[in-house]
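1. Need a 3D model of the sequence below.
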Amino acid sequence: MALKLQTKLTLFNTLSKLVIVLLFVLLLPILIKNINHTYNDGRFRKQQAKLLQIVKDQGIGYYIQNDEAYGAYLPLKEEYISLEADSSAHLDTIRNEKRKVEKDTIEYRILSHSFKVNNKTYLLEIGKSVNTLDETSGPLQSIALQILLGMILLTILADFFFSNYILGPLYTIIKTKLIGHKFPNFGSYEEVKTSTSDFQYLDQSIHQMIETIESTFQKEREFISNASHELMTPISILQSKIENMFNREDIIDDVKVRLLEMQKILNRLKSITKTLLLISQIENEQFIKDDTIGIKELLQDIYDEISIRLEEKNIALDIEIAEDVALVNVNKFLLYNLFFNLINNAIKYNKEAGSIMVKGFLQGGRLIVEIKDTGIGISEEQLPFIFNRFKKFRQSLQQESFGLGLPIVKSIADFHKITITVTSELNMGSTFTLVFPA
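-> Numbers count the residues shown, from 1 in each chain. Predicted structure coming up:
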């Protein structure tokens, strides 16, 4: 499934931040524990310095009298401090140790520091219960996680709005230069305002490409139009001369046969030239759309003209459409050609004693016309190319076809903004669906 560039960037930023959050959650207990211990160890050192300063100022007797050890426990045995004479002590450490207090064994984090006063060694211990330290870790982890999630959410929103701002010119280029124009008529160039040099280069490159395409198509249209006009005159002259030669009495039968073959070839060439000229006129928008026609009446006119061909192949043509359905702001001549070509093809590639159904109905304020036949059908591989000019498939090679009928249909449909779709199955038939604009 294809995603927009902005969506991909947002997803990448979100996923990368989620990975960071996951790593942070895994490392958070260790970090909080280390921070907690570091803070507590610093507190121990401050208490140590304060006690040593008191001993220095007021003497060891402030705490120890008659060589009796000094000790004090806070309620619930969470913290304690002790000072005693210990000649064997030479310590200056902070570590976890278990101590038995009354009947309980409690693990403490203990600062042990030995110092001398009057040539006598004393041992100072300041301890705090490890459980007390761990109790503060939980709330700290929760607060840190909430702050992190809040910051991540803010950065995701900031990334989204910033990427939307940065990519805005790109979306403008796509909408105005590619999607917003009818190919190959692109209109005048309007520079997209952007401070991103890459988008400026893209905008200019697309404009240059469009100019080249538009110029090429315009030259092709002019060539087809001019060539069609120029060819009509010599073809008409040749036809006239051949017709005059038939009136001569000295023309033998063998020559007449050859003249008939030449006339047939000229008729085919004239038909192709007229068709190309019609397509060129449609694409150059040389027709006016100011007619109002009844769709049922138009289809009935086509039925009257084509009924002989229906009888030749014993094909039934049914038309199901309301009498009061009318089309406004259309070109009657072109729509007649559109339906005539589709119904003519449905006859040409149909089976003997087959059927054609033309059904029209309104849906969502739009007229939908379906032309369904029981013919030989079109293969799935050929469907994407049926509207290409001079594209003839195996089944059309058996018919007198120039490969221009469906291209005319497509040109007329595009001129009227009619959406045309085709579904087909080999040996079962085809359905052409026309959706008219509201």
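2. How about the secondary structure of Asp318?
-> strand (DSSP: H, G, I helix; E, B strand; the rest coil).
3. My read is that it contacts Ile356, right?
-> Yes - Asp318 is within contact range of Ile356, at 7.2 Å (criterion: Cβ atoms under 8 Å). All C-beta atoms are positioned from the backbone trio N, CA, C, and that covers glycine.
4. out of the two, which sits in the busier spot?
-> Each of Asp318 and Ile356 had its neighbours counted (other Cβ atoms under 10 Å), and the higher figure belongs to Ile356 (22 against 10).
5. Other residues contacting the helix or strand hosting the more buried one?
-> Using DSSP states H and E, Ile356 maps to strand 355-363. Contacts to strand 355-363, defined as Cβ atoms under 8 Å, 6 or more residues apart in numbering, come from residues 295-296, 299, 315-322, 325, 343, 346-347, 350, 367-374.
6. Any of the residues you listed buried? List them.
-> Those of the contacts of strand 355-363 that meet the buried threshold are 295-296, 299, 315, 317, 319, 321, 325, 343, 346-347, 350, 367, 369-374, by 16 or more other Cβ atoms under 10 Å.
7. Mind checking which of the residues you listed land in helices?
-> Using DSSP state H, Ile295, Lys296, Leu299, Ile343, Ala346, Ile347 are the members of the buried ones among the contacts of strand 355-363 that sit in helices.
8. My read is that Phe339 contacts Asp301, right?
-> No - the criterion here is Cβ under 8 Å, and Phe339 misses it with Asp301 at 9.3 Å.
9. Looking only at neighbour counts, state which of those two leads.
-> With neighbours defined as other Cβ under 10 Å, Phe339 and Asp301 compare such that Phe339 has more, 22 against 15.
10. Next, work out how far apart Thr132 and Ile378 are.
-> Using Cβ to Cβ, to the nearest Å, Thr132 is found at 84 Å from Ile378.
11. Of those two, which one has the most company?
-> Each of Thr132 and Ile378 has its neighbours counted (other Cβ under 10 Å); Ile378 has more, 21 against 17.
12. Excluding chain neighbours, what is closest to that one?
-> Counting by Cβ to Cβ, 6 or more residues apart in numbering, Ser424 is the residue found nearest to Ile378 once chain neighbours are left out, at 4.0 Å.
13. swap in Leu238?
-> Leu266 (5.7 Å).
14. The one you found against Gln239, yeah?
-> Yes - counting by Cβ under 8 Å, Leu266 touches Gln239, with 5.4 Å between them.
15. now stretch 336-346, how far from the centre of its chain.
-> Counting by Cα atoms, centre = their mean, to the nearest Å, stretch 336-346 is centred 37 Å from the centre of its parent chain.
16. CA-only coordinates of it in CSV, if you can.
-> C-alpha atoms of stretch 336-346 as CSV (Å, rounded to 0.1, in the frame of the first residue of the first chain):
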residue,chain,number,x,y,z
TYR,A,336,-24.5,10.8,-32.1
ASN,A,337,-21.0,9.6,-33.3
LEU,A,338,-20.1,8.3,-29.9
PHE,A,339,-23.2,6.1,-29.5
PHE,A,340,-23.2,5.1,-33.2
ASN,A,341,-19.6,3.8,-32.9
LEU,A,342,-20.3,1.9,-29.8
ILE,A,343,-23.5,0.3,-31.1
ASN,A,344,-21.9,-0.3,-34.5
ASN,A,345,-19.0,-2.1,-32.8
ALA,A,346,-21.5,-4.2,-30.7
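17. list the buried ones in it?
-> Across stretch 336-346, burial judged by 16+ other Cβ under 10 Å covers Tyr336, Asn337, Leu338, Phe339, Phe340, Asn341, Leu342, Ile343, Asn345, Ala346.
18. In the chain, what helix or strand scores lowest on average pLDDT?
-> Of all helical and strand segments in the chain, the minimum by mean pLDDT, DSSP states H and E falls on helix 394-397, at a mean of 47.
19. residue ranges with poor pLDDT in the stretch 51-200 of the chain?
-> The model of the stretch 51-200 of the chain has pLDDT under 70 over residues 73-76, 135, 180-189.
20. Okay, Asn36 and Tyr336: tell me how far apart.
-> For Asn36, the distance to Tyr336 equals 89 Å [Cβ to Cβ].
21. on that earlier part again, compile the ones in helices among the buried ones among the contacts of strand 355-363 into JSON lines and extend it with columns for pLDDT.
-> Formatted as JSON lines, these follow (pLDDT from 0 to 100):
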{"residue": "Ile295", "pLDDT": "91"}
{"residue": "Lys296", "pLDDT": "92"}
{"residue": "Leu299", "pLDDT": "93"}
{"residue": "Ile343", "pLDDT": "93"}
{"residue": "Ala346", "pLDDT": "92"}
{"residue": "Ile347", "pLDDT": "92"}
